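K.L.:
test case, fold it:
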Amino acid sequence: MDFWNGLLQILIDAGMMTLRLLPGLFGGLFVFGLLLYLSARFTRNVFAKTFGPRAEIYITAWAGTPVHELGHAFFCLIFGHKITKISLFKPNSKEGTIGFVQHSYDKKNLYHQVGNFFIGAGPLIFGSLSIVFLLWLLVPGGSIVLSNLRQAGMTITGQVPGMGEIFQVFGLSVKSFVSQLFTSENLHSWRFWVFLYLAMAISAHAELSPPDISAMLKGFFVIMSLFFLINLIYVIFWPATQSFLFYGIRFFDLLVPVLFVAFLFSLFYFLLAFIVATLVSLVRNGEMVNPFTR
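P.N.:
Numbers count the residues shown, from 1 in each chain. Okay, the predicted model is just below:
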């Protein structure tokens, strides 16, 4: 009986250790992935109701969709998936697609299986990194803005104990980001306006589609199974030692400010679209646009 109780306790400890990894490793991806999805959906509702369902394709999708598909393709190459067909921008109203990446992989290959997670999340990661790169490349003082956001991200993920403080840091970060970005110097620079448009276009199409989420979940369950096995070994042989997997949280902490930047531009794009669409709708129909319904 003692043996079975001990075995059960080992499994519970390994499971709890694995669950404690979730917020630090994947919390940012899931939270900002959801926020970007909601922001993009509300923005499309606004455009569809006011300007027609295809309006956004010609406004931002032509620039944002290729980055979305390149995000899939990039991680396909990293994880050894074979790209069989790719279209960076090809609107298809019948299938409801704007672009696509078709790929194949060996289902018996564990590395390929893990890659499904990153291939599915590719547009979110690659799109966010693209915006950060453009910020550094085109905006004077962009590196300073990124440094401040990184400090805020580290505060949220590593030092802030409660939700109240998290929202406080979030609010201060937004205020600081806006004040440092929309300076008089930047507003008089054409490079800034090019960056602003590209950032909104990329963020508007960085959200994950249902097939993306499905692929992501396949890889996620494989990753969590591996983590459980690794933690199980730690619990059995080194019960007093923290799993090396926890050190990976420091790497994923760097993603938080990157994803935060993408979300801010997606939110800004939504607010801009909502204001313009509401003005048009008020003139046409005498009523505001409801972005929360189709």
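
K.L.:
can you pull the contacts of the residue nearest to I236 when sequence neighbours are not counted?
P.N.:
Residue nearest to I236 in three dimensions, not counting chain neighbours: I10, with 6.3 Å by C-beta to C-beta, 6 or more residues apart in numbering. For glycine as for every other residue, the C-beta is placed from the backbone atoms N, C-alpha and C. By C-beta atoms under 8 Å, 6 or more residues apart in numbering, the contact set of I10 is L232, V235, I236.

K.L.:
spit out the contact partners of the first one.
P.N.:
Counting by C-beta under 8 Å, 6+ apart, L232 touches I10, L11, A14.

K.L.:
ditto for the second one
P.N.:
By C-beta under 8 Å, 6+ apart, the contact list for V235 reads I10, D13, A14, M17.

K.L.:
looking at the residues you listed, which is nearest G33?
P.N.:
M17 (24.4 Å; C-beta to C-beta).

K.L.:
helix or strand next in line after the helix or strand hosting the closest one, which one?
P.N.:
Using DSSP states H and E, M17 maps to helix 2-51. Using DSSP H and E, the helix or strand that follows helix 2-51 towards the C-terminus is helix 55-56.

K.L.:
among the helices and strands of this structure, which has the poorest mean pLDDT?
P.N.:
helix 142-158 (a mean of 62; mean pLDDT, DSSP states H and E).

K.L.:
roughly how far apart are H205 and K49?
P.N.:
Going from H205 to K49 by C-beta to C-beta, to the nearest Å gives 19 Å.

K.L.:
higher neighbour count, those two?
P.N.:
Using other C-beta atoms under 10 Å, the more surrounded residue of H205 and K49 is H205, with 26 against 17.

K.L.:
for the closest residue to that one other than its chain neighbours, list the residues it contacts.
P.N.:
The shortest distance from H205 to any non-neighbouring residue, by C-beta to C-beta, 6+ apart, is to G64 (3.2 Å). Contact partners of G64, counting by C-beta under 8 Å, 6+ apart, are G127, A201, I202, S203, A204, H205, A206.

K.L.:
returning to what we had before: let's have the contacts of L232 in a markdown table, adding distance to I131 and pLDDT.
P.N.:
A markdown table is the format used below for the contacts of L232 (distance: C-beta to C-beta, whole Å; pLDDT from 0 to 100):
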| residue | distance to I131 | pLDDT |
| --- | --- | --- |
| I10 | 44 | 76 |
| L11 | 42 | 80 |
| A14 | 38 | 79 |
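
K.L.:
buried sites along whatever helix or strand F227 lives in?
P.N.:
Element membership for F227, per DSSP H and E: helix 210-237. By neighbour count on 16 or more other C-beta atoms under 10 Å, the buried set for helix 210-237 is 212-213, 215-216, 218-220, 222-224, 227-228, 230-232, 234-235.

K.L.:
ok, how many other residues are close to T278?
P.N.:
Neighbour tally, T278, other C-beta under 10 Å: 17.

K.L.:
and it, its phi and psi?
P.N.:
The phi/psi pair for T278 (degrees, to the nearest 10) reads phi -70, psi -40.

K.L.:
could you measure A201 against H103, distance?
P.N.:
Plainly put, A201 is 25 Å away from H103 if you go by C-beta to C-beta.

K.L.:
who has more neighbours out of those two?
P.N.:
When A201 and H103 are compared for neighbours, A201 comes out ahead with 24 against 21, by other C-beta under 10 Å.

K.L.:
contacts for the helix or strand hosting that one?
P.N.:
Using DSSP H and E, A201 falls within helix 190-204. With C-beta under 8 Å, 6+ apart as the test, helix 190-204 has contacts from 36, 39-40, 43, 56, 60-61, 63-64, 67, 127-128, 130-131, 134-135, 137-140, 186, 262-263, 265-266, 268-269, 272.

K.L.:
can you select the buried ones from the residues you listed in ChimeraX?
P.N.:
Remark: buried members of these, expressed as a ChimeraX selection using 16+ other C-beta under 10 Å:
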select :36,39,40,43,56,60,61,63,64,67,127,128,130,131,134,135,138,139,186,262,263,265,266,268,269
